[in-house]
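1. Next comes the sequence, and after it the predicted model I'd like to discuss.
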Amino acid sequence: MLRFKIGALDATALKDGDIDAGNDGKTFAIGHPPADVAALLAAAGQPTDVLHLSIQPLLVRSGARVLLFDTGAADASFARAGRLPASLRAAGVEPSQVTDIFLSHQHQDHVGGLLTGEGKLAFPNAALHLSAPEWDSLKRDKDAAALVAAMTPKVATFQPGAAIIPGVVTAVAVDGHTPGHSAYEIASGDQRLLYIGDTAHHYVISVQRPEWTIQYDTDAPLAQTSRRALLQRAADGNLRVYSVHFPFPGLGRIKAQGESFVWVPES
């Protein structure tokens, strides 16, 4: 874990696990030769046969409230994960102390940690915040029936772009990844942190080539437009960014570079 500040707020990057995706044209840069992906990865000093994604939910303390942004992958078959409970306790927080969970969207590496192995809510006292379009979509997913049933008593939906905790957490709609995917702006005084959810997955490919299609996006053209727009907003405003999938701890800024962008991690 890594502790840091957002103005007066105490924040902690919580490591949950990792995902590896092969450079085979099936996950990233669909329709582009793997050699093009390999060239970008090599220029960044990365292995060229695999794209590595980290998973790090974000913990923020705001007065009496304990906020958790996404819940990791738990036992998802595609990830090496499930470390969130241990990371949370290392940060001095018990699951029962979490008051609010902000879900960027419904994919398993973000909602996987919501339930225990027995199918109960892992954070029994937390309100579960997600956008109304995302909740409607999740309820239509027959494979998610058990998750939906467990979540229902604690769900607090919001309209895209809503101020959820006024002055502290504001939703930022980023369309195309899922029907109601949301980023979040976390504020304290004049300090801001933009939690980008799955706007961008890989710190090289997604940032330097935002128009390349990613398998995970349900509406790829819309997601590509949204990705470029949010990256442009972050670069123009020199915004401090938190990415759940970039190399741990996922904290840094987006800089414009020619017609594209580059990720600059905080030192």
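-> It's in.

2. Got the phi and psi for the closest residue to residue 123 other than its chain neighbours?
-> Excluding the flanking residues, the one nearest residue 123 by C-beta to C-beta, 6 or more residues apart in numbering is residue 98, at 4.5 Å. Every residue, glycine included, has its C-beta placed from N, CA and C. Main-chain torsions, residue 98, degrees, to the nearest 10: phi -70, psi 120.

3. Now do the contacts for residue 98.
-> Going by C-beta atoms under 8 Å, 6 or more residues apart in numbering, residue 98 touches 66-68, 88, 123, 125-126.

4. starting at the chain centroid, how far to the helix or strand hosting residue 172?
-> Per DSSP states H and E: residue 172 is located in strand 169-173. Per C-alpha atoms, centre = their mean, to the nearest Å, the displacement of strand 169-173 from the mean C-alpha position of its chain is 13 Å.

5. in its sheet, what does it sit against?
-> strand 163-165 (antiparallel), strand 182-188 (antiparallel) (DSSP bridges).

6. As TSV, these with distance to residue 80, mean neighbour count and mean pLDDT would be great.
-> Formatted as TSV, these follow (distance: least, C-beta to C-beta, whole Å; neighbours: other C-beta atoms under 10 Å; pLDDT from 0 to 100):
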stretch	distance to residue 80	mean neighbour count	mean pLDDT
strand 163-165	31	16	97
strand 182-188	25	22	98
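
7. possible to save those as JSON lines with distance to residue 52?
-> Below are those laid out as JSON lines (distance: least, C-beta to C-beta, whole Å):
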{"stretch": "strand 163-165", "distance to residue 52": "32"}
{"stretch": "strand 182-188", "distance to residue 52": "22"}
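
8. top helix in the chain by residue count?
-> Among the segments of the chain that qualify as a helix by DSSP state H, the longest is helix 220-236.

9. average pLDDT for that one?
-> Helix 220-236 carries an average pLDDT of 96.

10. Only the buried residues of that helix, if you could.
-> For helix 220-236, a neighbour-count test (16 or more other C-beta atoms under 10 Å) marks 220, 223-224, 226-228, 230-231, 234-235 as buried.

11. quick check, nearest of those residues to residue 141?
-> Checking the buried residues of helix 220-236 against residue 141 by C-beta to C-beta gives residue 223 as the nearest, at 18.8 Å.

12. what residue is smack in the middle of the chain?
-> Residue closest to the average C-alpha location in the chain (C-alpha atoms, centre = their mean): residue 197, at 2.6 Å.

13. Test for you: state the pLDDT assigned to the closest residue to residue 228 other than its chain neighbours.
-> Residue nearest to residue 228 in three dimensions, not counting chain neighbours: residue 210, with 4.4 Å by C-beta to C-beta, 6+ apart. pLDDT recorded at residue 210 is 96.

14. what's the spacing between residue 210 and residue 201?
-> Noted for residue 210: a distance of 11 Å to residue 201, by C-beta to C-beta, to the nearest Å.

15. on that earlier part again, wouldn't the residue nearest to the centre of the chain be in contact with residue 244 here?
-> Yes: assessed by C-beta atoms under 8 Å, residue 197 is found in contact with residue 244 at 6.6 Å.

16. hey, what's in contact with both of those two?
-> Residues touching both residue 197 and residue 244 (C-beta under 8 Å, 6+ apart): 70, 104, 110.

17. To what extent is the second one buried, counted in neighbours?
-> It refers to residue 104. Other residues near residue 104 number 28, with proximity taken as other C-beta atoms under 10 Å.

18. Contacts only, for it.
-> Listed by C-beta under 8 Å, 6+ apart, the contact set of residue 104 reads 69-70, 110, 181-184, 195, 197-198, 244.

19. Apply 10 Å and report the result again.
-> 57, 69-70, 110-111, 130-131, 134, 171, 174, 177-178, 180-184, 195-199, 244 (C-beta atoms under 10 Å, 6 or more residues apart in numbering).

20. cool, residue 39 as well?
-> Taking C-beta under 10 Å, 6+ apart, one finds 33, 48 in contact with residue 39.

21. hang on, it in a strand?
-> No: assigned with DSSP: H, G, I helix; E, B strand; the rest coil, residue 39 falls outside any strand and is helix.

22. Could you number the chain from 243 rather than 1 from now on?
-> Sure, I'll start counting at 243 from here, so that last one is residue 281.
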